Structures are given as C-alpha cells and as structure tokens.
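Asks: here is a sequence with its predicted model. Questions after.
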Amino acid sequence: MSLLEQTPIAVCIQQENCKVLQLIRSQGRFKVQHFAHELTAHINKQRLKRFGLISALDYQAVHYQQLPCQSSTASVEESILQQLPSSLDNESGFSYDYIQHNNGNIEAAVSSERALNNLMSELEPMNIPVKVVEPIYSSIIRTTNALLPYLWPNEARFTPRMKWIIAELRQKVSTLIYYEHGRFQRFEKVATADLLARISEMDEYWLFSFGDKVAQSALQTTCESHAYTQHIRLSAAVLFEDEPAPTAAALDNEIALVGLALRGFSQWHR
C-alpha cells in the first residue's frame, strides 16, 4: 500500500509541545480524523489509524544547499562537506539526501544526526513506525501551495517566476522562508521589528505570513501604511470549513502541522 493511501499521522513537536493531526478525504474535501494538542506519551492511540508517522526537523537542524553538476556520489558528498555550516555539530554526525535535476544541478538537504535522534526518541512512546522526517520549511511551503487557490486575490496576476517570502512570525524573532521560481532558496532569522522596517523594500516579493497574532496585526498595519498590497495572511481554516468551528479555528495557524498531514495526499512531496 502506498503512502498516499495510508493517511499517515502528522506529528509536529516544537518547544516541548506536541501536536498531532490525521486527515482523511471525504467527498473531495479534507476531514479531520484526529487532532490533538498532547504530549506523545499521552496520545490516545485507539482513535488513530496507525499507518505511520510523518514529522519534521526544525530550521536549525537542516542545512539546504544548491550545488553544480557533479560526476559521482562521492563528488556530491565532497561538495556537501565543503559547504557544511558550523551550526551542524560535526561530532554528532549528519545525514544528507539530494536530488539531481535534468540540467545537472543538485539540491541537497543535510540534517543533524543529533537532532534526528532526539526527534525519534520523542516519537518512540507512540509505538508507531516513522515513515517520513522532512525539514519543517517543506511542510510550510506545502501548506502555502495548498492555500493559494483559496486566498489568492482575484485581481492579482500569478506568474511562474514569482518570488515569495513566507514569514513565521514571533514577537521577537521571526523566520523568513525565501522561495523563488517554484523552489525553496533559503531561510533567515530576523528581529520582527526589523522585518516590519523592511516592508517598503519588498516590492519584488509576495509576502505570506502566519504565527503570533500580535506580530501579525503589526505586520498588517505596516503593510497598509506603506500601501504594500502583496501580503497574504495564511489561514489553514479554509481547508476545514466543514469541521466544527472550534476545530477549524484551532487549525487556523497550524501551517507546519497541516503541511505534514497533507504530504500523505500528494504525489509531489517537495
């Protein structure tokens, strides 16, 4: 049975909080099979279809690289080692995966073995096989793609060579995900106050945002004051309009978690 048919369980663990989501398809729409804000050790597994888990590594645990064409797997690994950032702990080891495009260029993701082992330990109490672990930015981008048909302004033009910034907002430090020409480019940690000050310089980007409600309100006000019209507030609630209002409202801001759950319904996992 393929991953697409198994409706795996999405588990997002951030700052010791565990959120669990399992979706099913019913009459062309997503339905929530299970959604909980609980620690993994306390999950009521009887309510879950135990096909497998999908989870994500946090931003700092994964390093993304773009490499020129390489002649062999050994040369790919050598290039990855040369570009390995100091943020990855060499002593704890690392693992990597990569894809080579038709033009020969390579995209590689390098992850910390220590972070991966810690995540696997946190998931172990559920006693359900882990099928996929991906970078959290992949989950966020997947949800953004799924939401665009619902949130895209009718009067706005959509082109394949657009540049996006997806902002995960926090009161002090936010994370910006840069996405150009249909591909992830990089992420950047910035002071939220600095992000607000840079709005006037973002004319070439569409800005999508989610996260802290206070920061979201400040961003909306700043965009309006600068007449910046390329800002869209991400809301996952539009995917779950048939759910009870409390469930839809609770999923409104769970962009990463929803992206993990959506992976089980897509043939394209990037």
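Replies: Structure received.
Asks: just the pLDDT for the closest residue to residue 191 other than its chain neighbours.
Replies: Excluding the flanking residues, the one nearest residue 191 by CB to CB, 6 or more residues apart in numbering is residue 173, at 6.0 Å. Every residue, glycine included, has its C-beta placed from N, CA and C. In this prediction, residue 173 carries a pLDDT score of 95.
Asks: would you map the strands across this structure?
Replies: For the chain, strands defined by DSSP state E occupy the ranges 9-14, 17-26, 29-37, 53-57, 62-67, 94-100, 106-112, 130-135, 163-169, 173-180, 183-191, 206-211, 231-233.
Asks: returning to that earlier point: do you know how far the residue nearest to residue 191 is from residue 188?
Replies: Going from residue 173 to residue 188 by CB to CB, to the nearest Å gives 11 Å.
Asks: do residue 9 as well
Replies: Distance, residue 9 to residue 188, using CB to CB: 31 Å.
Asks: between these two, who's got more neighbours?
Replies: Counted by other CB atoms under 10 Å, residue 9 and residue 188 do not tie: residue 9 has more neighbours, with 29 against 14.
Asks: surely the more buried one is in contact with residue 20?
Replies: Yes - look at residue 9 against residue 20 with CB atoms under 8 Å: they come within range, at 6.3 Å.
Asks: ok, which of the strands of the chain comes nearest residue 220?
Replies: Closest approach to residue 220 among the strands of the chain (CB to CB): strand 231-233, 7.0 Å.
Asks: now do the residue lying closest to residue 233 once chain neighbours are set aside, the pLDDT please.
Replies: Spatial nearest neighbour of residue 233, excluding adjacent residues (CB to CB, 6+ apart): residue 209 at 5.8 Å. As summarised for this prediction, residue 209 has a pLDDT of 97.
Asks: does residue 209 touch residue 166 like I think?
Replies: Yes - between residue 209 and residue 166 there is a contact under CB under 8 Å: 7.5 Å.
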